[in-house]
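K.L.:
quick one, fold the following:
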Amino acid sequence: MIPDLCNVFSSQRLLEILNNACEGVEREELQKILKVSNSRLSQLLKKTSELKLIENEGSKVITSPKGMFVLRVMEILNSYSRFLDAFGDYMGLYILDDLPDWLITRFHELADIQVVERQEDVFSPHQEFLESLSNSREIYGYTTVFFKEYVDFFLRLADEGRKIEVIVNEDVFRRIGEEFADELRERIERENVRFYVSRRDFRFSFVVTDNFFTISFYLKNGFFDYRRDFVCRSVDARRWGRDLFKYVKENSDRIINTEELKGLIRNQ
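P.N.:
This next block holds a predicted model:
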């Protein structure tokens, strides 16, 4: 049965039948759509019927639940193909080991991924990124890289009432504690702000909002790649990013009041 289904995936004609029969289609109309002879249509319908991918109601052909599942699998395979076309050549450059396997198997949700090559000063604020954040109501992120300008920007967004949840590693937390301790104390107990410190050093940084998802990785040599960001804007990609945030948050500790903040800063 599996080889037969593989043949379905590779047969444009059979997939056309399933697509056109999702809501039911008259056999005569299907013949016109496919532009095949009556005998050829009979052969195709016999094949799909044997695989139980279609059902017949009089002269009408209807895609079966099994056939609908095959279409969904095909859609996912096409999404994997699009993802690999865009990101496949970069896989050998980056450390991807810190991504959980259950999210790697969902890479197809990042089918719209695009690479953004930064030509300007890589250590200066990324203006397009800041503009995208400015247009977001909810912001969730994890970073292992300290940018003073970004901290200022996030503090300003917090003052505007945006919902912000940020996770940092211990190194970034130490830098924030050294340079922004007072500013953080003023905001850390607000309802719209949640701040965490990760117990693990995940080798990636990302932000996901209600508008977009962007992620950056560490190169195989152990250095962070400041020049490339990978950006997605689809609903599926934003869901993938939110699930990654939940995973990192499960391996982090929330700082919930100023006393905890003071204690952690003293221990750095």
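
K.L.:
all contacts plus neighbour counts: C-alpha atoms, from now on.
P.N.:
Will do.

K.L.:
wait, Trp240 touches Glu109, no?
P.N.:
Yes. With contact defined as Cα atoms under 8 Å, Trp240 reaches Glu109; the gap is 6.8 Å.

K.L.:
now what about stretch 238-257, what contacts it?
P.N.:
The contact list for stretch 238-257 (Cα atoms under 8 Å, 6 or more residues apart in numbering) reads 103, 106, 109-110, 140-142, 167, 185, 188-189, 194-200, 207-213, 232, 261.

K.L.:
mind checking the pLDDT average for that stretch?
P.N.:
Stretch 238-257 comes out with an average pLDDT of 92.

K.L.:
using CSV, write down the CA coordinates of that stretch.
P.N.:
The C-alpha coordinates for stretch 238-257 follow below in CSV (Å, rounded to 0.1, in the frame of the first residue of the first chain):
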residue,chain,number,x,y,z
ARG,A,238,4.4,32.6,14.4
ARG,A,239,2.9,29.5,16.1
TRP,A,240,6.2,27.7,15.7
GLY,A,241,8.0,30.7,17.3
ARG,A,242,5.6,30.8,20.2
ASP,A,243,6.1,27.1,20.8
LEU,A,244,9.9,27.6,20.8
PHE,A,245,9.4,30.4,23.3
LYS,A,246,7.4,28.1,25.6
TYR,A,247,10.2,25.5,25.3
VAL,A,248,12.9,28.0,26.3
LYS,A,249,10.7,29.4,29.1
GLU,A,250,10.3,25.9,30.6
ASN,A,251,14.1,26.0,31.0
SER,A,252,14.2,29.5,32.6
ASP,A,253,13.4,31.2,35.9
ARG,A,254,11.1,34.2,36.1
ILE,A,255,12.3,37.3,38.0
ILE,A,256,9.0,38.4,39.6
ASN,A,257,10.0,41.2,42.0
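
K.L.:
where in the stretch 151-268 of the chain is pLDDT low?
P.N.:
Flagging of the stretch 151-268 of the chain using pLDDT under 70 yields the residue ranges 181, 184-186, 189, 257-268.

K.L.:
assign Phe173 to helix, strand or coil.
P.N.:
helix (DSSP: H, G, I helix; E, B strand; the rest coil).

K.L.:
which residues pair with the closest residue to it other than its chain neighbours across the strands?
P.N.:
Spatial nearest neighbour of Phe173, excluding adjacent residues (Cα to Cα, 6 or more residues apart in numbering): Val197 at 7.0 Å. Applying DSSP bridges to Val197 gives these bridge partners: Val168, Asp253.

K.L.:
so Val197 makes contact with Ile176?
P.N.:
No. In this structure, Val197 is not within contact of Ile176 by Cα under 8 Å, at 11.4 Å.

K.L.:
where along the stretch 1-150 of the chain do the strands fall?
P.N.:
25-26, 54-57, 60-63, 114-117, 138-143 (DSSP state E, counting those that start in this stretch).

K.L.:
before we move on, the earlier item: drop anything exposed from the contacts of stretch 238-257.
P.N.:
With burial judged by 16 or more other Cα atoms under 10 Å, the buried subset of the contacts of stretch 238-257 is 106, 109-110, 140-142, 167, 185, 188, 194-198, 207-213, 232, 261.
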